[in-house]
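>>> structure, please.
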Amino acid sequence: MTTTTLAVLVPLLPFLGAVAGLLLGRTAPGFVRPLAVLPVLASLALAVTVAVDQGGGLAINSHTELTPTGSVPIELGLHIDGFAALVAVLVGVVATCVQIYSTGYLRDDPRYPSYAALVSLFTSAMLLVVYSGDLMVLLVGWEIMGICSYFLVGHYWETPEARAASLKAFLVTKLGDVPFLIGLFALATDAGSFRITTVLGTVASGGLHHPTVVALLLLAGVAGKSALFPLHTWLPDAMAGPTPVSALIHAATMVAAGIYFVARLLPVFQASAAAMIVLAVMAGVTMVGSGLAALAQDDIKRVLAYSTIGQLGYMAGALAVGDRGAAVFHLLAHGAFKALLFLAAGVIIHASGTNSLAAMSRMKDLRLRVPDAFWTMTVALLALAAIPPFSGFFSKEAVLGAAEHVATGHTEQAPGASGWIVLITGLVTAVLTAAYATRLWLLAFRGHGAEAPDHGSQPVTMTAVLWVLAIPSLVFGLAFGLLPDWFDGRDLTPVLTTSVLGTGLALVGGIVTYGAWRHTTALATRVPLGAVAAHPDADAGHVEAEAIASHEPVYGDVAKAPDPADPGRLLLGPLHRHAAAGFHLDTVYSVLFVRPVQAGATLVRFLDREVVDTYVRGAGALPRWLGTAVRRAQTGNVQTYVSALLAGTVVLVVAALLVATGA
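Purely as a prediction, here's the structure:
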C-alpha cells in the first residue's frame, strides 16, 4: 500500500473500532477489550510506518474534493510533514497505553464498553486533526474531541462533580470555538480555499487582508481547546473523570490540538506582531499562574492538571517566539511523561484509598506499597522539573533557548518583547515547576497521613504501561541530535546560558521545597479521620468513583484542623488560599458573565409571565366572560324567552316613539 493509503487508515481504524465496540458492547461483551486495544495498536503501527516513510523530508500531500460548494471548496486532504508524523506516533502510543491500562483500571465498570468506544473515537478525532490538510475537515476532528471529552469527563455521571465538570469543559471550549470558526471562515475567504498549503501560500504572498483580526479570533479557540489563560479553568475540574481519560486529554489529545494547530499555521500568526505579543502574554500568565496554583493544590490530579496548563504555556511561549520546532519537541516530550504521571496517579489513587480522590495530605509512605508507581513517577517528575538528562530538560531548554535568541535580537522571527516575556516567565516557572514536583513527590511517597487499607496488587496491565512510558520520559530528549530533519532543520542543541539558568533555578526550587517540607514536618500535628473502607478486590475505577462521590472532609472540624506538613503553605504564605482557588477566576467569570446572563434570563421570564402572558390571558378572558353571560341567559324556560321578547318589543316601541316625538 502507498503511504497515503496507510495514512488514511491511521484515523480510520480507531473509528471503526469505536463503532464496533458500541454495536457489540452489549451483545458480545467478550469482544469489547480486543476491540478497544487492537484497532488503536494497529493504528500506532501504521503511524510509525508513515513516519518512517515520511522520514522528515518533503510533506506528503493528497486531496480530493468532498462536495461542490459554489465558493470555497471543502476537500478531504492529507498534509503530513515531520511534525504531523511524530505527533501521530505520540497519539498512538498514549492511546494504546491508555486502552491497555483501562482494561485493568475499569475492569468491573458496567459502562466500560461505551467508555472504550469513546476513547477510540477520541483518538480517531485527534489523528484526523493531525493528518488533515483541510481546515474544515480539521474542524470536524476538533469538534468531535469536544463532545468526546464531554462524555468521558462525565463518565461518573451519578456524581454532581462529574456532571458539572463535563458541562463546564464543553461550554468553555465552545466559548472559544465560536470566534475560532469565524477566524477559519475569514482565513479561507482571503485564501480562496480551506486547504492548509493554499492558506500558507497566501500568507507568504501577503494576501491575508486582516492578519491581526484573524489571528486573534483563532487564538480564542486555541485558548479554549489548549487551556491557555483565560479559558483554562475547565481543565482542573475535568479531573472528575476517570484517570486514564485525564492521561489521554493531557498528554496527546484535546489540549495538544490547539498547540499543534498554531504550529501548523504559525505563519498566519507571525503575520501580526500584535498577535504574537498577545500569545506571549497568554503564555506567560498561563505559566506563572498555573505554577502557583499547582503549588497550593492538595489533590494529586489537580496538581498534575495545573502542571499541564503550565507546560502548555511553555509550548505556547515557543510559538510566540516563532519556533514551532521547540514547541512540538516539548509537546512530544511532555506527552510521554505527563501520561506516565497520570497513570501512576491512578495506581496511587487505588493504593491510598483516600476520601477525596487522592488528597496528598492523607497519603502515608506509599513508596513501599506501589514501587512501580514510585520509581516511574520519580522519573516523570524529574522530566517535568527539567533535570538533565531526562527528556523534559532538553525540550524545555529548546523553548528557553528560542526565547533567548529572540529577546537578544539573534533572530527576528518574532517581536523582541515576545522573547523577553517568554524568557522571564519561563525561568520563573522553572522554579515553580521544580517546587510543586518536589512537593508532590514528598507528600505522596514520604507523607505522614493516615494509613489506608491495602487494596491488593495492581493488575499487570496497569503497572507494565508505566514502565513503557518511563522509557521515552528518560531517553527521548537525548534524541535532539536526530530530530532537526523533522523540525524544519531547527537545531535543538541546548544553549549553555539558558541551560545553566534553567537547571540552576530548578535545583533551587527543589531544594527550597525540601527544606520547607522538613520544617513543616517537624511542626505539623495531624489528626486525620479514618480512611475510607473498601473491599480488597475493588478495582481502581470503583475506588475513584466512590472518592468523587464522597463529600466527607479530611478533618472532623476543618476550622480547627492543624495545617498539614505541606511546604506549599509555607512557601506561598498568604497567597496560598488564593492560589488553591485558582485565583478565584471562576468567581470573576461568575460575576462578569454568569450572573448577568442569569439576571437577563430572570428578566425575560418575568416579562414573559407577567407582561406577555397577561395580554394573552386577557385576550382569552373577555370571550370567556361573554360566553358565560350568554350561557346564563339560555335557561330553556319558554316563559322567560316570551317575557324577554315582549320586554324587548316594548323597549323598541318606546324608543321609536321617543325618536318620532323628538323629530
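
>>> determine the longest helix present in this protein.
Longest helix in the chain by number of residues (criterion: DSSP state H): helix 160-191.

>>> chain center to that helix, what's the gap?
In terms of CA atoms, centre = their mean, to the nearest Å, the centre of helix 160-191 is set 12 Å apart from its chain centre.

>>> following it, which helix or strand comes up?
helix 196-204 (DSSP states H and E).

>>> state the mean pLDDT of that following helix.
In this model, helix 196-204 has an average pLDDT of 93.

>>> in the helix or strand that that helix is followed by, what's buried?
Proceeding N to C from helix 196-204, the next assigned helix or strand is helix 211-225, under DSSP H and E. Within helix 211-225, the residues that qualify as buried are 211, 213-225, counting by 16 or more other CB atoms under 10 Å. From N, CA and C alone the C-beta is placed, and that goes for glycine too.

>>> closest to Val94 among the residues you listed?
Distance to Val94 across those (CB to CB) is lowest for Lys225, with 17.1 Å.

>>> next up, the contacts around the closest one.
Neighbour list for Lys225: 142, 145-146, 173, 176-177, 254-255, 257-258, 261 [criterion: CB atoms under 8 Å, 6 or more residues apart in numbering].

>>> for the closest residue to it other than its chain neighbours, the count of nearby residues, please.
Counting by CB to CB, 6 or more residues apart in numbering, Lys225 lies nearest to Gly258, which is 4.0 Å off, once chain neighbours are set aside. Applying other CB atoms under 10 Å, we find 28 other residues in the vicinity of Gly258.

>>> now do the SS call for Gly258.
helix (DSSP: H, G, I helix; E, B strand; the rest coil).

>>> separation between it and Lys338?
Counting by CB to CB, to the nearest Å, the separation of Gly258 from Lys338 is 15 Å.

>>> mind checking the backbone torsions on the closest residue to Thr212 other than its chain neighbours?
In space, and not counting its chain neighbours, Thr212 is closest to Ser272: 4.1 Å by CB to CB, 6+ apart. Per-residue torsions, Ser272: phi -130, psi 110 (degrees, to the nearest 10).

>>> who are the contact partners of Ser272?
Ser272 neighbours (CB under 8 Å, 6+ apart): 211-212, 215-216.

>>> ok, which stretches of the protein are strands?
60-67, 74-80 (DSSP state E).

>>> now mean pLDDT, distance to Arg33 and mean neighbour count too, for those, in CSV please.
CSV is the format used below for the strands of the chain (pLDDT from 0 to 100; distance: least, CB to CB, whole Å; neighbours: other CB atoms under 10 Å):
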stretch, mean pLDDT, distance to Arg33, mean neighbour count
strand 60-67, 82, 33, 14
strand 74-80, 88, 31, 21
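
>>> need the ones you listed in JSON lines (columns: distance to Leu469).
Conversion of the strands of the chain to JSON lines gives the following (distance: least, CB to CB, whole Å):
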{"stretch": "strand 60-67", "distance to Leu469": "28"}
{"stretch": "strand 74-80", "distance to Leu469": "25"}
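
>>> out of those strands, the one nearest Leu35 is which?
Among the strands of the chain, the nearest to Leu35 by CB to CB is strand 74-80 (25.6 Å).

>>> for Tyr260, what are its contacts?
Shown in contact with Tyr260 (CB under 8 Å, 6+ apart): 83, 87, 129-130, 328, 331.
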